[in-house]
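A.B. asks: output the structure for:
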Amino acid sequence: MRKNDARRLNHQTLTDLRKRAVARVQEGESPEVVAQVLDIARATMYGWLARYRHGGWGALDAAKRGGRPPKLDGKALHWIYRTVTMKNPMQMKFPFALWTSGMIAILIRHKFGIQVSRSSVSRLLNQLGLSVQRPLWRAYQQDPIKVEQWLKEEYPKIAASAKRRKAKIFFGDEAGIRSDFHSGTTWGIRGKTPIVSTTGARFGLNMISALSPRGQLRFMVTKGRVGAKVFIEFIKRLLRDIKGAIFLIVDGHPAHKAVLVRKFVESVKKRFQLFFLPPYSPELNPDEWVWNDLKNNGLGRKVITTPTQLKKEAMSHMRHLQKSPLLVQSFFQAPTTKYAA
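C.D. replies: As a prediction, the model looks like this:
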C-alpha cells in the first residue's frame with residue numbers, strides 16, 4: 001500500500017500534497033520522478049496535473065467536488081508527456097526531427113480529437129515541467145551498442161591499465177576556427193536587429209589540443225591541416241611536456257590511424273599508448289568543450305580583422321585555459337563526459 005494513498009488523507013493534507021506535487025513539476029521535475037518521490041500513483045500525479053491545467057491552483061482543493069471534467073485528462077497528459085520526452089517526431093510520421101508546438105497540436109488532434117492552439121500547447125508543456133531546449137545532436141551513424149560498450153567495458157579497462165602503469169589519461173581533438181564565427185547577444189531597439197561591423201574577409205586557423213581529468217591542457221597551432229605528421233609532432237610535444245606514461249584518447253580521424261602514426265606510436269610504446277573513441281561520438285570527448293569555450297567565450301564576441309589577430313586571440317584564450325585547471329576539469333562534468341572524470 002502506498003504511504004500517500006489519496007483516499008486515506010483528509011482534505012487539507014490531500015490539498016497540500018496535490019499543490020506540492022504540482023509545484024515541483026512546475027519547477028522542472030519529471031512528473032514520473034515526483035510521483036515516485038512522494039509515493040503516489042503515476043495516474044494520480046497526471047490527474048492532479050489535469051486538474052491544475054483545467055482550473056488552476058483552486059482546482060487542487062480536495063474539498064471541491066464535481067465541475068466540468070478537463071478536455072485532456074490525466075491519462076491524456078501522461079501519453080503526451082511520454083510521447084514528447086521518449087519518442088522522436090519521425091517515429092510519429094512527422095518529417096522533422098524536433099518537436100514543435102504546432103506538431104504537438106496536430107498530435108493531440110489526431111489522438112484525442114481535440115483542437116488546441118500552439119500557445120495552449122506551450123502552456124500545457126510548461127505545466128508538465130517541460131521547456132524549449134537546444135538539443136544535443138547525434139550522428140545517425142552512431143552505434144549505441146558500441147557507445148555502451150565503451151562506457152561500461154573499454155574505458156574502465158583503459159582507466160584500470162593507466163592506474164597500474166601510473167599513466168596520465170588525455171583526450172585529444174583537432175578544430176578549425178574561423179574569423180567569421182560570432183556568438184552572444186547584445187541590447188538594441190526592440191524590433192530592430194543590431195548590426196556589428198566586422199571584416200568581410202574570411203580566414204581560419206587549425207589547432208590541436210589534449211586535456212586530462214586533472215585539469216592539464218596542452219595545445220598546438222598549425223598553419224595547414226592536421227595530418228599524420230602534425231599529429232606526430234603534437235604527440236612528441238606532449239611527451240616532452242608531461243612526465244611519465246601517457247594514454248591519449250582520440251576519435252577515428254584518418255590522420256590518427258595513419259601508417260606513419262602507427263609506426264611512431266610503436267616506437268614510443270613504453271611511454272605512450274593511443275586509444276580510439278567509438279565512431280561518430282564527439283559528445284564523449286571532453287576536448288569538444290575546449291573548442292566550444294574557445295569559440296564562444298574566446299573569439300565569438302570579438303571583431304577579428306586579421307589572421308595575426310585571430311592567432312593571437314586564440315592562443316591567449318588557450319593559455320588562459322591552461323592557467324584555469326578547475327575550468328578544464330569542469331569539461332569532464334557534462335552528462336556525456338562525466339564517465340571520464
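
A.B. asks: can you list phi and psi of Leu38 for me?
C.D. replies: phi -80, psi 0 (degrees, to the nearest 10).

A.B. asks: that one reaches Arg18, doesn't it?
C.D. replies: No - with contact defined as C-beta atoms under 8 Å, Leu38 does not count as touching Arg18 (10.1 Å). Yep, even glycine has a C-beta here, placed from its N, CA and C like the rest.

A.B. asks: let me see the ranges of the strands in this structure.
C.D. replies: 168-178, 204-211, 217-222, 246-250, 272-276 (DSSP state E).

A.B. asks: can those strands go into a markdown table with extra columns for mean neighbour count and mean pLDDT?
C.D. replies: Shown next, in a markdown table, are the strands of the chain (neighbours: other C-beta atoms under 10 Å; pLDDT from 0 to 100):
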| stretch | mean neighbour count | mean pLDDT |
| --- | --- | --- |
| strand 168-178 | 21 | 92 |
| strand 204-211 | 21 | 93 |
| strand 217-222 | 18 | 95 |
| strand 246-250 | 22 | 98 |
| strand 272-276 | 18 | 98 |
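
A.B. asks: so which of these comes closest to Gly298?
C.D. replies: Of all those, it is strand 168-178 that lies closest to Gly298, at 8.9 Å by C-beta to C-beta.

A.B. asks: give me every residue that touches the closest residue in space to Asp287 that isn't next to it in sequence.
C.D. replies: Counting by C-beta to C-beta, 6 or more residues apart in numbering, the nearest residue to Asp287 once its immediate chain neighbours are dropped is Asp173, at 3.8 Å. For Asp173, the contact set (C-beta atoms under 8 Å, 6 or more residues apart in numbering) comprises 208-210, 250-251, 282, 285, 287-288, 290-291.

A.B. asks: quick check: Pro89 touching Gly102?
C.D. replies: No - judged on C-beta under 8 Å, Pro89 makes no contact with Gly102 at a distance of 11.0 Å.

A.B. asks: neighbour count for those two, which is higher?
C.D. replies: Pro89 (18 against 12; other C-beta atoms under 10 Å).

A.B. asks: and the pLDDT for that one?
C.D. replies: On pLDDT, Pro89 comes in at 78.

A.B. asks: where in the stretch 151-300 of the chain is pLDDT low?
C.D. replies: Low-confidence segments of the stretch 151-300 of the chain (pLDDT under 70): 179-203, 300.

A.B. asks: Leu321 reaches Leu327, doesn't it?
C.D. replies: Yes - applying C-beta under 8 Å, one finds Leu321 in contact with Leu327, separated by 6.3 Å.

A.B. asks: overlap in contacts, the two.
C.D. replies: Asp293.

A.B. asks: more neighbours, these two?
C.D. replies: When neighbours are counted by other C-beta under 10 Å, Leu321 comes out ahead of the other of Leu321 and Leu327, with 21 against 16.

A.B. asks: please name the residues that touch the spatially closest residue to that one that is not a sequence neighbour.
C.D. replies: Distance criterion C-beta to C-beta, 6+ apart; nearest residue to Leu321, sequence neighbours excluded, is Leu217 at 5.4 Å. For Leu217, the contacting residues are 209-211, 290, 318, 321-322, 325, 328, by C-beta under 8 Å, 6+ apart.

A.B. asks: what does Gln26 give?
C.D. replies: By C-beta under 8 Å, 6+ apart, the neighbours of Gln26 are 126-127, 129.

A.B. asks: and the helices in the protein?
C.D. replies: 11-26, 31-37, 42-55, 74-86, 101-112, 118-127, 144-149, 155-165, 228-241, 259-267, 287-293, 307-322, 325-330 (DSSP state H).

A.B. asks: indicate which one of the ones you listed is closest to Pro278.
C.D. replies: helix 144-149 (4.2 Å).
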